[in-house]
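Asker: A predicted structure for the sequence below; I have some questions about it.
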Amino acid sequence: MGKKLSLILIVVLVMALTSCNLLTDEWESLNMGVDFKEQFNLRIPTDVLIKRGASFIEIEVTNNDNKYSDNKTLSEYDTYILFEFKNIVVGTYSITINIYDDENNNIGSGTTSTSITKNSTSFIDLNVNISEEKPNSGELEVGVNITMESNSNNRGIFIGINNYFYSNSLTYASSDADILYTSFNQTKNNLSATKLQDIVYKSDIMEEINSTLANTEFLVFSFSGHGVYHDGVSKISMSDIYDGSNNEAIITAIELKNAFSHINNATIFIIIDACQSGDFIRGEDIDNFNQGFIDVFNEASARSSNEYIVITGSSKTGYSYESSWLEHGFLSYILYDGLGGPSMYSSDSSYDRTFNADLNDNGTITFGELYDYAYPLVMELSSDQQMIQYTNGYDNIPIINY
């Protein structure tokens, strides 16, 4: 029998995740008014656990009527491990964690509780600390302490739109949001992060931006989907876009910058994996979209003290491609690769903490390093057809620490 480890689970509740997906009429009728939390995430720092011999973690989220569980194997490269639960019935739940060694001995456990509502936080950190053995007992004391803290000063909004009602839909944009979300939530950035996927409306995105705290220090905003250049303005396209003049279905670069203006003195990293494709091509407009987005965020603004760094999926004369081989957009996947995901040539697609974009191997990936790593690989994937663009002059800004 393994010794019990003393665990103190400090639950830190952070930013709320607003649902963006629409329930169908059939789903609503089947569930007859039952409320669901569409996404509920638990993240556990694992450094200390691995040092004490942990190799396997089991999580149960339970109440009298419902039970959700998952388990994951740890690797020596893990700093955090992420548990993602979908469509949880709202209610008050117990969260139980069990830790096992490599011989399947239970070496520690702990339980806490939290209330899950549609509008409550969707991201909980379970910070597991190990205390000393009780004197003369030979066992380790198990305790649980719940601490409600303020929201994280780092924020992430990851958007991937596959479904377009009046135009050709995409295949892998939603998956792009998944991998970029993973890249930032497996590192020390400690983002309060949201994913908006598949069917997304302008109001969904604006609500998430508006809910971001004014004292946010670092924000990642990624968009994978269609882009359009219309009437001299660069725009990203929502699921319900009909054409570039439909203001309720597009967000211009200027609108997006203004939406961030309530945030003070932040570094805002914007990733736009988009081009004009299919029905969004309007004459020569494709020559302008990507560079137009970068130009807007380069302009000085009296309304905002933020520092904007932008990377886009192609040159102003090109496309952003997605690949059935990678099952992602070229740009999104190479950023994932550089920020800790597997190489595009790897036979294993799981996040492996290789951090290939850390070109000087110092534990920090800067904006310049990320671009320098991504540019030639995207060119290689696209047979020199896709030239990504970025904001000049900000090469030394750190993107992630690990």
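Answerer: Cool, got the structure. Numbers count the residues shown, from 1 in each chain.

Asker: And the helices in this protein?
Answerer: Secondary structure of the chain (DSSP state H): helices located at 25-31, 47-51, 173-185, 202-210, 253-259, 289-298, 330-338, 367-381.

Asker: could you dump the longest one to CSV, C-alpha only?
Answerer: Think helix 367-381. What follows is helix 367-381, C-alpha atoms only, in CSV (Å, rounded to 0.1, in the frame of the first residue of the first chain):
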residue,chain,number,x,y,z
PHE,A,367,7.0,37.3,-30.8
GLY,A,368,10.0,37.5,-33.1
GLU,A,369,11.1,34.0,-32.4
LEU,A,370,7.6,32.7,-33.0
TYR,A,371,7.4,34.5,-36.4
ASP,A,372,10.9,33.4,-37.4
TYR,A,373,10.0,29.8,-36.6
ALA,A,374,6.6,29.9,-38.3
TYR,A,375,7.4,31.7,-41.5
PRO,A,376,9.6,29.2,-43.3
LEU,A,377,7.5,26.2,-42.2
VAL,A,378,4.2,27.8,-43.4
MET,A,379,6.0,28.5,-46.7
GLU,A,380,7.2,24.9,-46.9
LEU,A,381,3.7,23.5,-46.2
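
Asker: Would you indicate which residues of it are buried?
Answerer: For helix 367-381, burial by neighbour count (16 or more other C-beta atoms under 10 Å) applies to 367, 368, 369, 370, 371, 373, 374, 375, 377, 378, 381. C-beta here means a position set from N, CA and C on the backbone, and glycine is covered the same way.

Asker: how does the chain divide into domains?
Answerer: Per the record, the chain has its domains at 7-145, 154-401, by automatic domain parsing.

Asker: how about low-confidence regions in the stretch 201-350 of the chain?
Answerer: Filtered on pLDDT under 70, the stretch 201-350 of the chain yields the residue ranges 276-287, 300-304.

Asker: sorry, back to before: which one of the buried residues of helix 367-381 is nearest residue 211?
Answerer: Nearest to residue 211, judged by C-beta to C-beta, of the buried residues of helix 367-381 is residue 367 at 25.5 Å.

Asker: Pull the contacting residues for that closest one.
Answerer: By C-beta atoms under 8 Å, 6 or more residues apart in numbering, the contact set of residue 367 is 269, 309, 311, 390, 391, 394, 395, 396, 397, 398, 399.

Asker: ok so, going back, format the helices of the chain as a markdown table; extra columns: distance to residue 67.
Answerer: Formatted as a markdown table, the helices of the chain follow (distance: least, C-beta to C-beta, whole Å):
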| stretch | distance to residue 67 |
| --- | --- |
| helix 25-31 | 18 |
| helix 47-51 | 24 |
| helix 173-185 | 25 |
| helix 202-210 | 30 |
| helix 253-259 | 40 |
| helix 289-298 | 45 |
| helix 330-338 | 32 |
| helix 367-381 | 41 |
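
Asker: Ok, which of those comes nearest residue 244?
Answerer: Between the helices of the chain, helix 289-298 lies closest to residue 244; by C-beta to C-beta that is 10.4 Å.

Asker: quick one, what contacts residue 162?
Answerer: So residue 162 contacts 169, 170, 171, 172, 173, 174, 197, 198, 225 (C-beta under 8 Å, 6+ apart).

Asker: Let me have those residues in a markdown table, extended by distance to residue 35 and neighbour count.
Answerer: Output for the contacts of residue 162, formatted as a markdown table (distance: C-beta to C-beta, whole Å; neighbours: other C-beta atoms under 10 Å):
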| residue | distance to residue 35 | neighbour count |
| --- | --- | --- |
| 169 | 29 | 15 |
| 170 | 30 | 22 |
| 171 | 31 | 13 |
| 172 | 31 | 22 |
| 173 | 28 | 28 |
| 174 | 24 | 23 |
| 197 | 20 | 23 |
| 198 | 20 | 16 |
| 225 | 28 | 27 |
